[in-house]
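[1] Requesting a structural model of the entry that follows:
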Amino acid sequence: MPTTTTTSQASAAASAAAPRAPAGKAVIYLRVSTMRQATKGGEAEGCSIPAQRAACHQKAKDLGLDVVEEFVDAGQSARSADRPELHAMLSRIKQGDISTLIVHKSDRLARSLEDHVAIVGSLKKKGVALVSCMEIMDADTPSGILTQGIMAAFNEFYSSNLSFEAKKGMRQKAQNGGTPGKVPIGYLNITSSEGGKDIRTVAVDEERA
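    Below is the predicted model:
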């Protein structure tokens, strides 16, 4: 008589087959997209990096994990996986003694669905769990894997849509006679106040035009 395998049994078998690193050691990955964020408020690391760090260390404490190293990409966009500290972190994980990677949010790790899948795949090969301070990152159940995929897809959508809207705004500004960002040599950015509102225009620099 053939043996019937239930879904729960299959899940348990899959979990048992997956390699697991020794529990207890964790690494933290922190990131901000721009150098302006990295130095905001006159602080050496701005405001976001320290806030992410505090949340990640608290998460590690709650889980009973020992943070052995942290990796910080300051001024690095997550739309690309070509980030020095990300590569350094993945190389550290290959040593095989790390059980958990902690991030503040999944979008700190990647804003590309393709990169997210590749990074999570490399973590799984070493038995490393991905933990987010702000999201549930359960990769051991079908529903958890689905949720993680949806979050990764949304992160990519948010980044792409933000870029699209920014370009649209800059294009409209140019059509209205303005200049996105600082004007080139020979022109001046002029800010005046009218009716309590700041009016930004461009004028010819009489000395250098």
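[2] Beyond the host helix or strand of Ile102, next helix or strand please.
    Taking DSSP states H and E as the criterion, Ile102 maps to strand 100-103. Downstream of strand 100-103, the first helix or strand assigned by DSSP H and E is helix 106-109.
[3] what is the mean pLDDT for whatever helix or strand comes next after that following helix?
    The element immediately downstream of helix 106-109 (helix or strand, assigned by DSSP H and E) is helix 113-125. Helix 113-125 shows a mean pLDDT of 89 in the predicted model.
[4] and helix 113-125, what does it pack onto?
    Helix 113-125 sits against helix 84-93, helix 106-109, strand 129-132, helix 142-175, with contacts defined as 3 or more C-beta pairs under 8 Å, 6 or more residues apart in numbering; DSSP states H and E. C-betas here are computed from N, CA, C, even on glycine.
[5] repeat that for 10 Å
    helix 84-93, strand 100-103, helix 106-109, strand 129-132, helix 142-175 (3 or more C-beta pairs under 10 Å, 6 or more residues apart in numbering; DSSP states H and E).
[6] so can I have JSON lines of these showing mean pLDDT, distance to Arg208 and mean neighbour count?
    Formatted as JSON lines, those follow (pLDDT from 0 to 100; distance: least, C-beta to C-beta, whole Å; neighbours: other C-beta atoms under 10 Å):
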{"stretch": "helix 84-93", "mean pLDDT": "95", "distance to Arg208": "39", "mean neighbour count": "16"}
{"stretch": "strand 100-103", "mean pLDDT": "96", "distance to Arg208": "47", "mean neighbour count": "25"}
{"stretch": "helix 106-109", "mean pLDDT": "89", "distance to Arg208": "43", "mean neighbour count": "22"}
{"stretch": "strand 129-132", "mean pLDDT": "92", "distance to Arg208": "51", "mean neighbour count": "21"}
{"stretch": "helix 142-175", "mean pLDDT": "75", "distance to Arg208": "22", "mean neighbour count": "13"}
